[in-house]
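A.B. asks: Turn this into a model:
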Amino acid sequence: MRSLLIVRHAKATPALVGALDVARALSERGVAQCAQLRAWANDPHELGRFGPVVALVSSARRTRETFEFAFGDTPLVHEAVFSEAIYNGVRDVSGDQLLRALGELDDGVRSLMVVAHNPSVLELLWRFSPESARERFRTGSAYVVALAETTRVEAGVGELVAHYAPA
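C.D. replies: Model prediction:
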């Protein structure tokens, strides 16, 4: 089996009047959330068992920091691609748009990860796990969807198998 890891960026600093949303950094709490994610990513019995992944990461500072602090230089990640197209601070990005962007990276063999924003990540999760519709997607959390080998990533083709949520 291969996997799709859906990650919401860790807790960011509040938006400041006149400041660009794309430039928001992680807060102290967000950095702590990343430390817990990193521990799981390095553990071959936890999140680390789902790699190696090709990661698609929003270009916003808070998502890039989440990726670097939590997953950068870990055995979980084989390759990372940073994308302005999945940053939803300028325009709304739907779960279907995230799915299409992942499909462009999908070779049907390797596992995938997306590090992006809410509500996009929650909408993407719903494409695989409609029963999770009542759940919140907390900052710094990761959901893991099992995908069949050689099947390209598409809605409804996968099963939710794990959830990691730092305190």
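
A.B. asks: in the sheet, who's paired with E159?
C.D. replies: Partner residues in beta bridges with E159, using DSSP bridges, are A146.

A.B. asks: That one contacts F128, correct?
C.D. replies: Yes. Applying Cβ atoms under 8 Å, one finds E159 in contact with F128, separated by 7.5 Å. Using the backbone N, CA and C atoms, a C-beta is placed for each residue, glycine as well.

A.B. asks: which of these two has more neighbours?
C.D. replies: F128 (23 against 12; other Cβ atoms under 10 Å).

A.B. asks: so where do the helices sit in the chain?
C.D. replies: 28-42, 61-71, 95-105, 120-128 (DSSP state H).

A.B. asks: so which of those helices gets nearest E135?
C.D. replies: helix 120-128 (7.8 Å; Cβ to Cβ).

A.B. asks: That closest one to helix 95-105, inter-axis angle?
C.D. replies: 80 degrees (axes from the mean of the first three to the mean of the last three Cα atoms, to 10 degrees).

A.B. asks: thinking again about what came up before, what is in contact with E159 and F128 at once?
C.D. replies: Shared contacts of E159 and F128, defined by Cβ atoms under 8 Å, 6 or more residues apart in numbering, are found at V145.

A.B. asks: got any ranges where the chain has weak pLDDT?
C.D. replies: Within the chain, the ranges that satisfy pLDDT under 70 run 133.

A.B. asks: mind running it again at 90?
C.D. replies: In the predicted model of the chain, residues 1, 15-23, 88-92, 107-109, 128-137, 147-159, 167 satisfy pLDDT under 90.

A.B. asks: correct me, but T13 touches S27?
C.D. replies: Yes. Using Cβ under 8 Å, T13 is in contact with S27, at 5.0 Å.

A.B. asks: that older thread, export the helices of the chain as CSV, with columns for distance to L147.
C.D. replies: Output for the helices of the chain, formatted as CSV (distance: least, Cβ to Cβ, whole Å):
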stretch, distance to L147
helix 28-42, 19
helix 61-71, 19
helix 95-105, 10
helix 120-128, 9
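
A.B. asks: Please determine how far V157 is located from G18.
C.D. replies: 44 Å (Cβ to Cβ, to the nearest Å).

A.B. asks: who has more neighbours, the two?
C.D. replies: V157 (14 against 5).

A.B. asks: Figure out which of the helices of the chain is closest to A167.
C.D. replies: helix 28-42 (7.2 Å).

A.B. asks: what packs against the closest one?
C.D. replies: helix 61-71 (3 or more Cβ pairs under 8 Å, 6 or more residues apart in numbering; DSSP states H and E).
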